[in-house]
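Novice: sequence plus the predicted model coming up.
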Amino acid sequence: MVSEHYPRLRQSLPDGRLVLREGLILCLFMRRPHDTISRTIMRALNLYLDAVGHEKLGWYVDMGGDLASEEYKGWAGAVRPLDDAQWEKVRDELRAPSSCILQLEEHENQVGGFRFEYHGRSREDLDPPGFVSAVSFWLPTEYLEEHGPEHVKELAVAIAREVPLDSGYVSLAFNHLLPSKPVMQLIQEQCFRYPGMDIQDLSTTSMNLGEKVRGAYWLNFYGQTLLGRLGGAGGIRARLTHHPEVSIEQLSTQKVMVSMGQWPEAGDVEQKREMRSYRALARVLEPYLYEEPTSRDLTRRWQRRFLDT
């Protein structure tokens, strides 16, 4: 299905395995240690699985696995099927008292539409100002097309209500395996044409984000600290009054969702598809925008794509 809201972007290896695809990503960031949020992360994962189907996550990426003794499959660790015993290990890891890193995939040896990734930081990790705990959920665009954007929004809100977030978002994204040279080349070729598509490395972001915010996206979630800096829901609304497609919903006394419209939009610079509301929100967020500490010119230009053009 060809969509007016986003392109179909796929890249395969010579043997046919898919290594990059357009998709959706929900990311949530928390300045809290793993031991205080592990139960809410498990409940959030269950909400996701209940919505998409438990069979959609079929593989566990063992980040501490012995790659020398196994065939490399393209992930950052050895992959193992998510059978009952492996699911019990997942639950044990989430119950770990200190920290937890989890990555669950749809497929064994190619990129899928569904994925769960979690970086739960220890209390010691949170001492440097940049570290945060972070969780992400992937959805394929086929899921969006089948169920519609309102369903996706309802799922994202349900998960966001569950998690004690500081910030978060839902966006179209370049979802991929490891950042190989061909994958990154395609992303670099397309990311400025489609500014509404996110490029995410959850591990790097979770080590550097601190109290900053990643940017302007389709759905944006803000917790109490950021809300205070932005003047609350009223302060955000007052600065976006010229964009009727923007809606602001109070999820709780400490959480707000800012939505940029009914559908997520990739934008298309070549077709002159403006993303004025995204640019307006980026200007509101500019004092608090995250920039990678060792940003190259290209990376910094992308991070400021709604501000400098």
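Specialist: Thanks, I have the structure now.
Novice: output the longest strand belonging to this structure.
Specialist: Ordering each strand of the chain by length in residues (DSSP state E) puts strand 18-30 first.
Novice: what sits up against the helix or strand just after it?
Specialist: From strand 18-30 onward toward the C-terminus, using DSSP states H and E, the following helix or strand is helix 34-52. Residues from elsewhere that reach helix 34-52 (Cβ atoms under 8 Å, 6 or more residues apart in numbering): 28, 30, 56-57, 91, 94-100, 114, 116, 118, 120-123, 133, 135, 137, 139, 143, 155, 158-159, 162-164. Any C-beta I mention is one placed from the backbone N, CA and C, and that applies to glycine too.
Novice: per-residue pLDDT, Asp66?
Specialist: Looking at Asp66, its pLDDT reads 35.
Novice: actually Asn109, not the one I wrote
Specialist: 88.
Novice: from Arg39, how far off is it?
Specialist: In this view, Asn109 and Arg39 are 32 Å apart by Cβ to Cβ, to the nearest Å.
Novice: between the two, which has more neighbouring residues?
Specialist: Asn109 (18 against 12; other Cβ atoms under 10 Å).
Novice: the nearest residue to Arg21 once chain neighbours are set aside: neighbour count?
Specialist: Nearest residue to Arg21, sequence neighbours excluded (Cβ to Cβ, 6 or more residues apart in numbering): Arg10, at 5.1 Å. Residues near Arg10, counting by other Cβ under 10 Å, number 12.
Novice: go on, Ser122?
Specialist: If we define neighbours as other Cβ under 10 Å, then Ser122 has 17 of them.
Novice: can you pull the contacts of Arg283?
Specialist: Arg283 touches 239, 306-307, counting by Cβ under 8 Å, 6+ apart.
Novice: just among those residues, which is most surrounded?
Specialist: Phe306 (23 neighbours).
Novice: separation between that residue and Arg239?
Specialist: Taken as Cβ to Cβ, the span from Phe306 to Arg239 is 14 Å.
Novice: ok, Pro128 next?
Specialist: Counting by Cβ to Cβ - Pro128 and Arg239 are separated by 32 Å.
Novice: one more: Ala216?
Specialist: 12 Å.
Novice: looks like Gly215 contacts Phe306 (just checking).
Specialist: Yes. Taking contacts as Cβ atoms under 8 Å, Gly215 lies within contact range of Phe306: 7.2 Å.
Novice: now the common contact residues for the two.
Specialist: Ala282.
Novice: strands of this protein, start to end?
Specialist: Going by DSSP E, the chain shows strands at 10-12, 18-30, 59-62, 78-81, 100-105, 115-120, 133-140, 167-176, 197-198, 219-222, 247-252, 255-259.
Novice: mean pLDDT and distance to His147 for those strands - can I get that in CSV?
Specialist: CSV is the format used below for the strands of the chain (pLDDT from 0 to 100; distance: least, Cβ to Cβ, whole Å):
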stretch, mean pLDDT, distance to His147
strand 10-12, 93, 21
strand 18-30, 97, 11
strand 59-62, 93, 24
strand 78-81, 92, 27
strand 100-105, 96, 21
strand 115-120, 98, 18
strand 133-140, 98, 9
strand 167-176, 97, 14
strand 197-198, 97, 20
strand 219-222, 98, 15
strand 247-252, 95, 20
strand 255-259, 97, 17
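Novice: distance to Thr299 for those - can I get that in JSON lines?
Specialist: Shown next, in JSON lines, are the strands of the chain (distance: least, Cβ to Cβ, whole Å):
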{"stretch": "strand 10-12", "distance to Thr299": "20"}
{"stretch": "strand 18-30", "distance to Thr299": "17"}
{"stretch": "strand 59-62", "distance to Thr299": "25"}
{"stretch": "strand 78-81", "distance to Thr299": "29"}
{"stretch": "strand 100-105", "distance to Thr299": "23"}
{"stretch": "strand 115-120", "distance to Thr299": "20"}
{"stretch": "strand 133-140", "distance to Thr299": "19"}
{"stretch": "strand 167-176", "distance to Thr299": "14"}
{"stretch": "strand 197-198", "distance to Thr299": "13"}
{"stretch": "strand 219-222", "distance to Thr299": "21"}
{"stretch": "strand 247-252", "distance to Thr299": "30"}
{"stretch": "strand 255-259", "distance to Thr299": "25"}
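Novice: and Glu106, how far from Met184?
Specialist: 22 Å.
Novice: which of those two has more neighbours?
Specialist: Taking neighbours as other Cβ under 10 Å, Glu106 and Met184 compare with Glu106 leading, 19 against 16.
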